[in-house]
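Chemist: What follows is a predicted structure for the sequence shown.
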Amino acid sequence: MNSSENKLEYSIGVRNQYLKDISFENPQAPEIFTKNIKPEVDISVDIKANIKNGNTYEVILYLKVIYQFESKIIFMIETEYGGVFDLSKIEKKDLEFVTLVECPKILFPYLRQIVSNLTSYGGYPSVLIEPIDFNSIFKQHKNKQ
């Protein structure tokens, strides 16, 4: 059996995607641009899903990126990127998985591009965030319950 045979497929309707909130702080500029540094990077992610009406869900992907050097914040990005999804073709037992894993997989590439552009506009090399394993995050969340 190949891997595609045991992979579940879901019919997810994407009604809209949008930037809900964004913040870019660059407290060390412009002095930082005269230094050659290797910052420490901290990236955190969170996901929230809310039913809006019937089978319509809002899924928000929260992403925070902090670059620090010698305990000083070089720059910080905080974003909320959302999507409105029609999940009428999803079985009730699968809704939690779909809203916390499959919907964020749809949203992530767009948020990744926003973060990349924002760091470039802030005067830094583009930050390309590695793909996020939303399935592992979901499993950790379930194990904590």
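Modeler: Happy to help now that I have it. Numbering: from 1, shown residues only.
Chemist: C-alpha only now, for contacts and for neighbours.
Modeler: Fine.
Chemist: what's the worst-scoring helix or strand of the chain on mean pLDDT packed up against?
Modeler: Every helix and strand in the chain was compared by mean pLDDT, DSSP states H and E; the lowest is helix 134-144, with a mean of 88. Packing partners of helix 134-144 (3 or more C-alpha pairs under 8 Å, 6 or more residues apart in numbering; DSSP states H and E): none among the helices and strands.
Chemist: Tell me the buried residues in it?
Modeler: Residues 134, 137 are the ones in helix 134-144 that count as buried (16 or more other C-alpha atoms under 10 Å).
Chemist: Need the contact partners of it.
Modeler: 97, 100-102, 104-105 (C-alpha atoms under 8 Å, 6 or more residues apart in numbering).
Chemist: Quick one: the helices in the chain, in order.
Modeler: 95-97, 103-121, 134-144 (DSSP state H).
Chemist: In CSV, list those along with distance to I37.
Modeler: Below are these laid out as CSV (distance: least, C-alpha to C-alpha, whole Å):
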stretch, distance to I37
helix 95-97, 41
helix 103-121, 16
helix 134-144, 31
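Chemist: Please identify which of those is closest to Q68.
Modeler: In terms of C-alpha to C-alpha, the element of the helices of the chain nearest to Q68 is helix 103-121, at 13.9 Å.
Chemist: could you dump the closest one to PDB, C-alpha only?
Modeler: Written as PDB, here are the backbone C-alpha positions of helix 103-121 (Å, rounded to 0.1, in the frame of the first residue of the first chain):
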ATOM      1  CA  CYS A 103      -7.100  24.700   7.800                       C
ATOM      2  CA  PRO A 104      -3.800  26.000   9.200                       C
ATOM      3  CA  LYS A 105      -2.000  24.100   6.400                       C
ATOM      4  CA  ILE A 106      -3.900  26.200   3.900                       C
ATOM      5  CA  LEU A 107      -3.200  29.400   5.700                       C
ATOM      6  CA  PHE A 108       0.500  28.900   6.500                       C
ATOM      7  CA  PRO A 109       2.100  29.600   3.100                       C
ATOM      8  CA  TYR A 110       0.400  33.000   2.900                       C
ATOM      9  CA  LEU A 111       1.500  34.000   6.400                       C
ATOM     10  CA  ARG A 112       5.000  32.700   5.700                       C
ATOM     11  CA  GLN A 113       5.200  35.000   2.700                       C
ATOM     12  CA  ILE A 114       3.900  38.000   4.700                       C
ATOM     13  CA  VAL A 115       6.600  37.400   7.400                       C
ATOM     14  CA  SER A 116       9.300  37.100   4.700                       C
ATOM     15  CA  ASN A 117       8.200  40.300   3.100                       C
ATOM     16  CA  LEU A 118       7.900  42.200   6.400                       C
ATOM     17  CA  THR A 119      11.400  41.300   7.500                       C
ATOM     18  CA  SER A 120      12.700  42.500   4.100                       C
ATOM     19  CA  TYR A 121      10.800  45.700   4.400                       C
END
